[in-house]
Structures are given as C-alpha cells and as structure tokens.
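**Student:** Turn this into a structure:
(chains A and B)
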Amino acid sequence: MTRAVVRYDTGDAPPPKVDMSTTLAWFAMPSPVLTASGCAASGRELDQFFDISAMGAMVTKSIMLDARSGRATPRMAETPSGMLNSIGLQGPGIHDFIEHDLAWLRERGVRTVVSIAGSTTQEYEDLAKILRQHEGIDAIEVNISCPNVADRGQVFACRADTASGVVASVRRSTDPSVPVLVKLSPDVTDIATIAVACDRAGADGLTLINTTLGMVIDTDTMRPALAGVTGGLSGPAIRPIAVRCVWQVRQALPDIPILGVGGIRTGRDALEFILAGAHAVSVGTVVFHDPSAPMRVHAELAVELAARGFSRVSDAISYAHRPEDADLSSDAEDDELNPPEWV
Amino acid sequence: MPVQVRGEVVSVRRAGQYFVLTVTAPGVAEITRPGHFAAFAIGDLESSSLILRRAFSIYGVQSRGIYGGTMDVVVADSGPGTHWLTQRRRGDSLDVVAPLGRPFSLPREPVSCVLVGGGYGSAPLFMLAEQLRARGCRVDMLLGAATEEKLFGVLEGKRIASMVTITTEDGSLGEAGRVTDLLPSVMAKANAEVVYGCGPMGMLAAIAGIAGERGAYSQCAVEEAMACGIGVCMTCVLPVIGDDGVTRMVRSCVEGPVFRGERVRWDEVGTIPADTYGAPAGDHR
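**Tutor:** Residues are numbered from 1 along each chain as shown, chains lettered A, B, ... in the order given. As a prediction, the model looks like this:
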C-alpha cells in the first residue's frame, strides 16, 4: 500500500532526538499522540494517509452494546475555531465492532484504546465483560460524558456518585491487566470532585475532556441549526477549557495518568497539555482539517520539546506546576532546563 | 485511494456566478473518475478559525501539461470559507485531499443517458459526459437553475452533448420552470435508459422518482454537509437501503456521494426512519 502524506517542512535541521515514549498507567506507547474517540472512526480511513500503527494509540469511536442509528441530520455546525456535533453515538454495536474493527486493528498491529458507552451502569458492565474475552485491547476508555443524549440526567460524568458507580463496575468486570481510563465532561461545577470520585472507584487514568454542550441558531430558518437542538462543541475554541481541566485535576490528583484532549492542532498545543499535567494527548477535530495530524503533531511536539531543552517528553509532564522558586535555583548561564524531580 | 497533497493555485477564473479554481494536485488526476470530490483546507492551519474542509465535486483533471497534474473545481462564493477560496491567486498554496467518495457507475453497454445538473451541481457531469461518449453512449444534458447567472457549463454542454435543454425558474434562459418538469420529455426523446443527476436533494428525489417510473436506472450525487469528507466524522449521513433491504444511515462521503436513486429514502432525508438499523424505539427524530 502506498501513501502520499503531506511533509511539513521543518527546515534543514535533522529531527530532534527526544525520547517521545510515555505511559497511561501501565500502557506504554512510543508516542504521546493518540487519536480522539469519535474523530477517527476505527482507523481504516486514517490509515490511508499515514501508518496508524506508528501513533501512540488509536482511540476508537465509542461503541455501545447494540447497533445505533444516531441522531437525525443536520448533525454538524461550524463555529468560530470549532464545530458542534450531534451524532448520537452511531455505531454497529459491540459484536460487529469486535468482529470487524477490532480484528482489523489487531491484524494491523495498531495499539488500541477501545471506547465504550452505555445508557445504564449495567450496559457498561456488559460491554466490559464482552471485551474481556478478546485480545488486542491496550486500554479501555469509558465514555461517561457524551453530551448527545436525550436526557442530560443520563450523563454519568455530571455527578460523582453516578460516575464512580460506572467506573467501579467497569473496573471490576475488565481484565485486570487492561487499564481503564474514564472520559470526563467539562460541563460540571468542579471537575476535580468528579475526578477524585473516579480515582477512588478504581480508574487507572482519566481522559480530559469530552466536548462541551453548545448550540447554534440558524438565522435563516430562525430555528436550532442541529436536528438534535444541542451538540458538543469541539476544536481549538475549547482548548483553554481543556487545559484548565487538566491543570485542576492534576492539582487534585498528583499521580493519576491523564490523556489530554480538546482543540489540539499543533505540537505547541500538545505541549501545553503536557505541561499542564497530561501524560499523552489525543488529537480530535483537527483530523477533519488535516487527516495526517497525529503524525504531524508528534513531529512538531518533538521540535517544541527539544527547543526547551527537554530530552524526554516524560520530563515535561506537569512541568507548569513546578514551584515558583524552581526556576531561580537553576544556573541562569545554563542553557539546559533541569526539570525538577518532584513531579 | 485519496491522497493529501500541497497544491498550488494555477488560476481562479469567473464563470457566471461561480469561480473555476485550477490547482496542481500531483497524483490526483490519474486516479480521478467522474463523481469523485475534493476537500480543501481553508486558511492557514495555525491561524484559520474555519477548521472544516470545503468539499467540491471535481469538474475536470489534466494529468499532463506544464503544471503536471492539475484539477478543476467549481466554487460558489457562499460563505467565508468559499469566499477565501475564490480570493486565492496564482501560486498560492492549498492543502487538498482527493479524490474522495464513490464515483458514478458507467454502463457497460452504449445506452442512451440523460445528465441532469442543478446550478453548479452540473460540474462533475462534463467529465462524465466525455467518458460516456467514449463508450459510445448517447448523451443528452438537462441543466437548470433559478436564474441564468446560476447555470454552469451551458456552452461546454453544447459541445459535448447531443442535445442540451436549459431551464431557469425565472425564465431568463431556456424554458421557464425546473429541470424535473422537462425530464420526462427529454428522456422520452432520447429513449434514455440511464439518468445521472447532481444537485439539491429535492431535485435528486424527483429525478429518482421519474427515472423509476419509466423503468430507467438513476445515479444521483448528493450534496450533504460534511465536516471531514473522509469518513470519520459521521455527520453527512442519510437513510439508504442496502442490498439486504435494510435501511442504514450511511456516510455520503465514502459510501456516496453517488447513490442509486431508488436506494435513497429521499422523503426521509434529515430523519431517522423508524425501521432504520439501530433506530431508537419510539423516537424517530
């Protein structure tokens, strides 16, 4: 198979030697850049543009127990530096996913994070039990924060008790060797409270953040632009919200693995999440603009890290949280940044 | 398989109310077939606030020449993204993903075909007409729009097709009315067995219906709103009946944009028909 990929010119400089390997709990990856659930389907489409087995991992579109048609159209509205979507978790159901998509990803040798979604705690548990019987799953991402459901009260991530109920159930039912990540919503009063509840319930890591609920009125029809009325806002417009969530959760939970997501389009954006406390990042909506974004962001991130004296991406994780006096202790003449050991 | 390439603008020229954008696209011309489309990134990656690609059906390709391979698309200046495209100048760089989608199917036999275009939806029909003619098919064209300025490719149609019929809703050129008013008579005169259509959803629905009534085969290229164009975002879906008789919400970017007319549930586009695979029980919205 041949691929024609845009080569973004980084000048004549050789690619910087930065150790880009990272981990999410005990899932080790050679790159900190992953896809985001719902922005890359199950991998085949992007594999036309670059070798998806080279990415940190593929995060698959959230799968439910049964086939689901999703919501009516229009499902999308472009917004300043972003977009609203109201897909409603369209998908073929877990059994079809395992037979076709997971099997393909495994055969292709793609590191895979399987995202699951349910309407009840029992459904999440059933999904975890079904996946337990299959190989080729490097981690499970529990999507408890999809905003495109009829009843906002059903968004498990909006309350600490419902979130921890799902997490405990999935953690109990999943193969103990597979880390469980929990994807949270920014649409809460205090995301750290929800994060702490998930941590206590056994989450091995957190994915921060899902889309934030938004709405567009079509001024021609003078009605909501989306058939589903409201939708999830994604893209660069939400990046500061996502960085803030990563920062707040990192402050509350110094050790929990975090997968940062929300509006990343360049390596510089990815670095922001890592400095705020993310161990790895997912690129989502930018893939619609640039299908080869995961590889480009990886390359750009390496350049950004090298420019700041980091020889390992892991040294940059949470670096923005260093104490105020940390910079004063280093020799001003020294070109090398010396990331402190406290993180 | 589509490629993502950095193209260079060769020219942007006006054509009635539209603009024809010619861009270099190495490797695209050779693999493009009529009905394929291209998706353009708008603005600079770091600074553009318009993050979704704009998709256009491919109007023409040239695989050789002083610029190497080039591709033409027809752009209507209808919003900030398409406006930006129309303002490109020779030598500007564009990020192009093409060719995308499932193209028109061509008949094996040299049958009579009617090609129907609404507005600049006619763009992919000229390449199609040439290929049909090369197979020995009779080609008639039916081009319509609201006004004369909104027609695209009338002269080119006259060069390629056996007969071109024009309609405008205001009667400013050709017959007053819609293409679908004249389709039955055009089909009868040409003894057409196949109808190809590209344009707004309502026009395609009518084409599929008329073709079906006359026992003809129809191929309709839809113009759905898309975010990605490559099959990952799931926004451009419509209800389509599969070979197994089951209706599914399918992506018009990868399973289309060309569909067999009788397979699309035209009247229910924009809804989830109750018997769709995976439809929620009791909630048809």
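**Student:** before we move on, which element is the residue in the stretch 201-343 of chain A that chain B sits nearest to in?
**Tutor:** Nearest to chain B, among the residues of the stretch 201-343 of chain A, is A:Phe288, at 4.0 Å (Cβ to the nearest Cβ). From N, CA and C alone the C-beta is placed, and that goes for glycine too. Here A:Phe288, judged by DSSP states H and E, is contained in helix A:286-289.
**Student:** Can you give the contact residues for the very next helix or strand once past that helix?
**Tutor:** The helix or strand immediately downstream of helix A:286-289 is helix A:293-307, counting by DSSP H and E. Residues outside helix A:293-307 that contact it (Cβ atoms under 8 Å, 6 or more residues apart in numbering or on different chains): A:5-6, A:8, A:10, A:15-18, A:20, A:31-35, A:46, A:50, A:52, A:54-56, A:264-271, A:274, A:281, A:283, A:286-287, A:290, A:313, A:316.
**Student:** From the chain's centroid, how far away is helix A:293-307?
**Tutor:** Offset of helix A:293-307 from its chain centre (Cα atoms, centre = their mean, to the nearest Å): 17 Å.
**Student:** Repeat that for stretch A:29-44.
**Tutor:** Averaging C-alpha positions (Cα atoms, centre = their mean) puts stretch A:29-44 8 Å from its chain's average.
**Student:** Just the buried residues of that stretch, please?
**Tutor:** Neighbour-count burial for stretch A:29-44 flags A:29, A:31-44 (criterion: 16 or more other Cβ atoms under 10 Å in any protein chain shown).
**Student:** Among those residues, which pair sits farthest apart?
**Tutor:** Using Cβ to Cβ, the pair of those lying farthest apart is A:Pro32 and A:Arg44, separated by 23.3 Å.
**Student:** where's residue 107, which helix or strand?
**Tutor:** No chain specified, so I'll use chain A. helix A:103-108.
**Student:** OK, contacts around A:Thr230?
**Tutor:** By Cβ under 8 Å, 6+ apart, the residues touching A:Thr230 are A:Ser86, A:Pro147, A:Asn148, A:Leu213, A:Gly214, A:Met215, A:Pro224.
**Student:** one more time with 10 Å
**Tutor:** For A:Thr230, the contact set (Cβ atoms under 10 Å, 6 or more residues apart in numbering or on different chains) comprises A:Leu84, A:Ser86, A:Pro147, A:Asn148, A:Arg152, A:Leu213, A:Gly214, A:Met215, A:Val216, A:Pro224.
**Student:** Give me the number of neighbouring residues for the last one.
**Tutor:** Read that as A:Pro224. 17 (other Cβ atoms under 10 Å in any protein chain shown).
**Student:** coming back round to it: which ones among the contacts of helix A:293-307 are found in strands?
**Tutor:** Under the assignment DSSP state E, the contacts of helix A:293-307 contribute A:Val33, A:Leu34, A:Thr35, A:Val281, A:Val283 to strands.
**Student:** Burial check on the fourth one, number of neighbours?
**Tutor:** Here the count is done by other Cβ under 10 Å, and A:Val281 has 32 residues near it.
**Student:** Convert the C-alpha atoms of the strand or helix carrying B:Gly212 to CSV, please.
**Tutor:** Element membership for B:Gly212, per DSSP H and E: helix B:201-213. Output in CSV follows, covering the C-alpha atoms of helix B:201-213 (Å, rounded to 0.1, in the frame of the first residue of the first chain):
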residue,chain,number,x,y,z
MET,B,201,-31.7,17.0,-2.6
GLY,B,202,-35.2,17.8,-3.8
MET,B,203,-34.1,17.7,-7.4
LEU,B,204,-32.4,14.4,-7.0
ALA,B,205,-35.5,12.9,-5.3
ALA,B,206,-37.6,14.0,-8.3
ILE,B,207,-35.1,12.6,-10.7
ALA,B,208,-35.0,9.2,-8.9
GLY,B,209,-38.8,9.1,-8.9
ILE,B,210,-39.2,10.0,-12.6
ALA,B,211,-36.4,7.5,-13.7
GLY,B,212,-38.1,4.8,-11.6
GLU,B,213,-41.5,5.4,-13.1
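**Student:** tell me which strands and helices that helix is in contact with?
**Tutor:** Applying 3 or more Cβ pairs under 10 Å, 6 or more residues apart in numbering or on different chains; DSSP states H and E, one finds that helix B:201-213 makes contact with strand B:112-118, helix B:179-190, strand B:194-198, strand B:217-221, strand B:258-260.
**Student:** switch the cut-off to 8 Å
**Tutor:** Here helix B:201-213 touches strand B:112-118, helix B:179-190, strand B:194-198, strand B:217-221, going by 3 or more Cβ pairs under 8 Å, 6 or more residues apart in numbering or on different chains; DSSP states H and E.
**Student:** Tell me the residues on the stretch 151-300 of chain A that lie near chain B, please.
**Tutor:** A:227-228, A:235-236, A:265-266, A:285-292 (Cβ under 8 Å from any Cβ of the partner chain).
**Student:** neighbour-wise, which of the residues you listed leads?
**Tutor:** Most surrounded of these: other Cβ under 10 Å gives A:Thr285, at 31 neighbours.
**Student:** check contacts around that residue.
**Tutor:** A:Ala36, A:Cys39, A:Gly82, A:Met83, A:Ser234, A:Gly235, A:Pro236, A:Gly263, B:Ile51.
**Student:** For those residues, give me JSON lines that also has secondary structure, distance to B:Thr32 and pLDDT.
**Tutor:** Output for those, formatted as JSON lines (DSSP: H, G, I helix; E, B strand; the rest coil; distance: Cβ to Cβ, whole Å; pLDDT from 0 to 100):
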{"residue": "A:Ala36", "secondary structure": "coil", "distance to B:Thr32": "31", "pLDDT": "98"}
{"residue": "A:Cys39", "secondary structure": "coil", "distance to B:Thr32": "27", "pLDDT": "96"}
{"residue": "A:Gly82", "secondary structure": "strand", "distance to B:Thr32": "32", "pLDDT": "97"}
{"residue": "A:Met83", "secondary structure": "strand", "distance to B:Thr32": "28", "pLDDT": "97"}
{"residue": "A:Ser234", "secondary structure": "strand", "distance to B:Thr32": "31", "pLDDT": "98"}
{"residue": "A:Gly235", "secondary structure": "coil", "distance to B:Thr32": "30", "pLDDT": "97"}
{"residue": "A:Pro236", "secondary structure": "helix", "distance to B:Thr32": "32", "pLDDT": "97"}
{"residue": "A:Gly263", "secondary structure": "coil", "distance to B:Thr32": "33", "pLDDT": "97"}
{"residue": "B:Ile51", "secondary structure": "coil", "distance to B:Thr32": "26", "pLDDT": "94"}
